[in-house]
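**Student:** curious how this folds, go ahead:
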Amino acid sequence: MAPEAEEATTPAEAPRAAVGNSGAPVLRFEAWEGPLDLLLELARAQRVDLGRISVTELATQFVAVLDAAIARRAVPLSRLAEWTIMAAWLLVLRSRLLLPAGTAESAAAEREAADLRRRLADREAARRLADWLERRPQLGRDIFARGTAEPEAAGEPAADVTELLRACLKLLQVPMRERVYRPRPPLLWRVPDALDRLRALLPDLPEGATLEQLLPPAPAGEGAALWRRSALASTLLAGLELTREGSVRLEQDLAFEAIQVSPGAPSRPGCAVAR
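**Tutor:** Numbering: from 1, shown residues only. Coordinates of the predicted model:
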């Protein structure tokens, strides 16, 4: 890297650009430019060539970024500690590349790197599995199991059969008192009573009499309204029966008007009741 470029991009002289969007310091080398945490992640996965990064330049840039952050007092101490651990890991990984090939130290470093990659892969698989389990319906919260049967009692039975038979015998010796509930039917005006009343009133039936005028007087009490409705329905049925016989004529000009009752056969075939 040219000296002019190093002077223009030194984090110590440009502290505002020393921190990236992820919160980690931004480092600039010939083979890399980006945040420290991403560089460490790619180095662990062997997706970046650490051999092209100078150890001296890495330490110099990190110290400049750290001094600038401490001078501004804008970064918490815990974050500075995380940066230091990241930089230390990068220096460890970079220093292992300085070992000569074919030595025991180089083989151990390769085994450690492979183990680190395996652990990272296992951690990613565990994270994906945890996310999948979190999205699954949970028993007792999203879905509910069917109720289980009570376990059978082990050992002796819960009740003594002999005592149970003795208790049943005592109940059989008690005289049974038959209590039959007989509800009181409401007082209603029946159709046979309405027929007898209409036949009795038919000789003296006045002209233009309505069906409601032929109802019997309602009894006093709380059941008077029910009795009046039953009397009106029974009297109507009795009038229809007498109309079928030809003894009475029922007429209604419009719907819901009073039904007029007059003696004699109807003037036209059929029932003359209009609804």
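**Student:** apart from its chain neighbours, what residue comes closest to residue 259?
**Tutor:** Once flanking residues are discounted, residue 259 sits nearest to residue 211: 4.3 Å by Cβ to Cβ, 6 or more residues apart in numbering. Where you see a C-beta, it was placed from the backbone N, CA and C, and this is true even at glycine.
**Student:** who are the neighbours in contact with the one you found?
**Tutor:** Contacts for residue 211 (Cβ atoms under 8 Å, 6 or more residues apart in numbering) come out as 232, 235-236, 239, 250, 258-261.
**Student:** from the contact counts, what lies against the helix or strand encompassing residue 228?
**Tutor:** In this assignment (DSSP states H and E), residue 228 forms part of helix 224-245. Judged by 3 or more Cβ pairs under 8 Å, 6 or more residues apart in numbering; DSSP states H and E, helix 224-245 is in contact with helix 191-201, strand 248-251.
**Student:** buried stuff in it?
**Tutor:** 227-228, 230-232, 234-236, 238-239, 242-243 (16 or more other Cβ atoms under 10 Å).
**Student:** hey, where'd the helices end up in the stretch 51-200 of the chain?
**Tutor:** If DSSP state H, counting those that start in this stretch is used as the criterion, the helices of the stretch 51-200 of the chain fall at 55-72, 77-96, 104-135, 161-173, 191-201.
**Student:** pipe those helices into a markdown table and attach mean pLDDT per row.
**Tutor:** Compiled in a markdown table, the helices of the stretch 51-200 of the chain are given as follows (pLDDT from 0 to 100):
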| stretch | mean pLDDT |
| --- | --- |
| helix 55-72 | 84 |
| helix 77-96 | 82 |
| helix 104-135 | 80 |
| helix 161-173 | 83 |
| helix 191-201 | 89 |
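**Student:** now render the ones you listed as TSV, adding mean neighbour count.
**Tutor:** As requested, the helices of the stretch 51-200 of the chain are exported to TSV (neighbours: other Cβ atoms under 10 Å):
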stretch	mean neighbour count
helix 55-72	16
helix 77-96	15
helix 104-135	11
helix 161-173	9
helix 191-201	15
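**Student:** of those, which is nearest residue 220?
**Tutor:** helix 191-201 (18.6 Å; Cβ to Cβ).
**Student:** got the contact list for that closest one?
**Tutor:** With contact meaning Cβ under 8 Å, 6+ apart, helix 191-201 is reached by 214, 216, 231, 234-235, 237-239, 241-242, 247-248.
**Student:** got the phi/psi numbers for residue 35?
**Tutor:** With angles defined as degrees, to the nearest 10, residue 35 sits at phi -70, psi 160.
**Student:** pLDDT score for it?
**Tutor:** You'll see residue 35 listed with a pLDDT of 84.
**Student:** and if you look at residue 177?
**Tutor:** Value listed for residue 177 in the pLDDT field: 63.
**Student:** so residue 188 touches residue 227, yeah?
**Tutor:** Yes. At 6.5 Å, residue 188 and residue 227 qualify as touching, with contact defined as Cβ atoms under 8 Å.
**Student:** reformat the helices and strands packed on helix 224-245 as JSON lines; add distance to residue 94.
**Tutor:** Output for these, formatted as JSON lines (distance: least, Cβ to Cβ, whole Å):
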{"stretch": "helix 191-201", "distance to residue 94": "111"}
{"stretch": "strand 248-251", "distance to residue 94": "115"}
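**Student:** quick check: which of the ones you listed is nearest to residue 136?
**Tutor:** Minimum separation from residue 136 across the helices and strands packed on helix 224-245 (Cβ to Cβ) falls at helix 191-201, 70.2 Å.
**Student:** now do that closest one against helix 224-245, angle only.
**Tutor:** Here helix 191-201 points in a direction 70 degrees away from that of helix 224-245 (axes from the mean of the first three to the mean of the last three Cα atoms, to 10 degrees).
**Student:** so what strands line up beside the helix or strand just after helix 191-201?
**Tutor:** Toward the C-terminal end, the helix or strand that comes next after helix 191-201 (DSSP H and E) is strand 209-210. Strand 209-210 pairs in its sheet with strand 260-263 (antiparallel), by DSSP bridges.
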